[in-house]
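Participant: A structural model of the following input is requested.
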Amino acid sequence: MNSITTRYGRIGVQSGLELYPDGSVRALIPCAGTVTATPLGAFAPRHDSSDERTKTGASLEFHPDGALRSIILEKRALVATPAGEVLAEQLIFHPDGSLSRVFPLCGRTSAYWAAEDEIRLMEPFCAATPFGDITAKFMSLAFDVSGRMRSLTLWPGEMLDLATPTGRMPVRIGAAFYPDGSLRSVEPGRPTPVETPVGRVLAFDPDATGITGDVNSLGFAPTGSLSRVSVVRTMLGWTDHQGERLEIRPTFRESLCGNADTEPVPMRLTFGPQGLTLRRAPDEPEIAWAVTAQDAPRAVILPPEGLFASMGKAACHGAPASF
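Facilitator: Here you go, the predicted structure:
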């Protein structure tokens, strides 16, 4: 049996050994019977990936200084986290040993194990968050080195009604927080009216990926003021110094569903001390205004008729039919 020395003693290596350039251990799959001490207790890391659900990669990963970075457990176990006890399958640690992120489940999806199969293993549980205690199906919970919640990530299809600086709204995917617990960002669950320095818009990003709730399309400054928002059913209009009426509307692309339809690309509006910055699409340059200027743009919410012909069929990217 091959084995290698780590900060946690000698570990038998079954497969998947990876090293950093200096020769220290980066990752491995340990032999059966291995028990690894972590800051949250001793756990058996996964050593077998013979079924259709279990991930095939390393179950132990280390930081460059030798500290444990990640452990995927052979069996789910109750773990004490800053948000309360979580029945966990993967733990990720900061270099100092504090918990960075906890995953209740850590399965792979494939032709033989779908996301629907995975989520059927998940039961809602209660977590202490800056919003208070919330019971939901959480995909992960993330913390800073002081144990303060950095973000929460929801399973696809999970929705929470949460209070934000712009009012209560349905939230999907997740939410992120500043160290003092104030809200950094959320992902609106459906098109939601939001007041901005240029008027009311419908906040929604059909391109939101849902991988984590660390960064979301509706963002706030530490003071609670709006810092960014993504929109599709909204245009900006203004009159220039020559009296000409100008407009910026969403651009379109071929539908991500692979049909022959087109769909709007979300526009991103960012607000800061200098005013408004708009990016109509990722490959287009930013446009900036001082929102206090006489020719500052004003937002107009567009009717759905004619703008979203493909949206009713485009459930593959999460846009609601009532968009």
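Participant: where in the stretch 1-150 of the chain is pLDDT low?
Facilitator: Scanning the stretch 1-150 of the chain for pLDDT under 70 picks out 1.
Participant: in it, which spans are helices?
Facilitator: Assigned by DSSP state H, counting those that start in this stretch, the helices in the stretch 1-150 of the chain fall at 115-119.
Participant: next one: Tyr130 from Ser98, what distance?
Facilitator: No Tyr there; residue 130 is Pro. Taken as C-beta to C-beta, to the nearest Å, the spacing of Pro130 relative to Ser98 amounts to 18 Å. From N, CA and C alone the C-beta is placed, and that goes for glycine too.
Participant: excluding chain neighbours, what is closest to Val79?
Facilitator: Using C-beta to C-beta, 6 or more residues apart in numbering and skipping the chain neighbours, the partner closest in space to Val79 is Ala88 (4.5 Å).
Participant: swap that for Gly84, please
Facilitator: Spatial nearest neighbour of Gly84, excluding adjacent residues (C-beta to C-beta, 6+ apart): Ala128 at 5.3 Å.
Participant: what's across from the one you found in the sheet?
Facilitator: For Ala128, the residues forming beta bridges with it (DSSP bridges) are Asp133.
Participant: my read: it touches Ala83, true?
Facilitator: Yes: between Ala128 and Ala83 a contact is recorded at 4.8 Å, counting by C-beta atoms under 8 Å.
Participant: list residues touching both of these two?
Facilitator: Counting by C-beta atoms under 8 Å, 6 or more residues apart in numbering, the contacts common to Ala128 and Ala83 are Met149.
Participant: same drill for the two, tell me which one is more crowded.
Facilitator: A direct count of neighbours by other C-beta atoms under 10 Å for Ala128 and Ala83 places Ala83 higher, at 22 against 14.
Participant: check contacts around the closest residue to that one other than its chain neighbours.
Facilitator: For Ala83, the nearest residue in space outside its immediate sequence neighbours is Ala127; the separation is 4.2 Å by C-beta to C-beta, 6+ apart. Residues in contact with Ala127, defined by C-beta under 8 Å, 6+ apart, are 83-84, 86, 133-136, 138, 141, 152.
Participant: 6 Å - rerun?
Facilitator: Shown here is Ala127, whose contacts under the criterion C-beta atoms under 6 Å, 6 or more residues apart in numbering are 83-84, 134, 141.
Participant: how about CSV for those residues, with distance to Arg26 added?
Facilitator: Converted to CSV, those look like this (distance: C-beta to C-beta, whole Å):
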residue, distance to Arg26
Ala83, 29
Gly84, 32
Ile134, 36
Leu141, 25
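Participant: got a quick ChimeraX command for the buried subset of these?
Facilitator: What follows is the ChimeraX syntax for the buried subset of these, where burial is set by 16 or more other C-beta atoms under 10 Å:
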select :83,134,141
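Participant: of the contacts of Ala127, closest to Arg10?
Facilitator: When the contacts of Ala127 are compared for distance to Arg10 (C-beta to C-beta), Leu141 wins out at 32.4 Å.
Participant: against Leu60, how distant is the closest one?
Facilitator: Counting by C-beta to C-beta - Leu141 and Leu60 are separated by 21 Å.
Participant: quick check: phi and psi at the residue lying farthest from the centre of the chain.
Facilitator: Computed with C-alpha atoms, centre = their mean, the maximum C-alpha offset from the centroid of the chain is found at Gln242, amounting to 44.2 Å. Note on Gln242: backbone dihedrals following degrees, to the nearest 10 are phi -90, psi 0.
Participant: and it, how close does it get to Gly275?
Facilitator: Look at Gln242 and Gly275: by C-beta to C-beta, they are 21 Å apart.
Participant: then Gly181?
Facilitator: With distances defined as C-beta to C-beta, the gap from Gly181 to Gly275 amounts to 29 Å.
Participant: what is the neighbour count of Ala80?
Facilitator: By other C-beta under 10 Å, the residues close to Ala80 number 12.
Participant: same deal with Lys75?
Facilitator: Taking other C-beta under 10 Å as the neighbour definition, Lys75 ends up with a count of 8.
Participant: below-threshold pLDDT in the stretch 201-323 of the chain: ranges please.
Facilitator: Residues of the stretch 201-323 of the chain that meet the criterion pLDDT under 70 lie in 256-260, 293-294, 305-323.
Participant: the same query, at a cut-off of 80, please.
Facilitator: Within the stretch 201-323 of the chain, the segments meeting pLDDT under 80 span 210, 240, 255-261, 291-295, 304-323.
Participant: which parts of it are strands?
Facilitator: Assignment of strands within the stretch 201-323 of the chain using DSSP state E, counting those that start in this stretch yields the ranges 218-220, 226-231, 234-239, 245-248, 252-254, 262-264, 267-272, 275-279, 287-289, 298-301.
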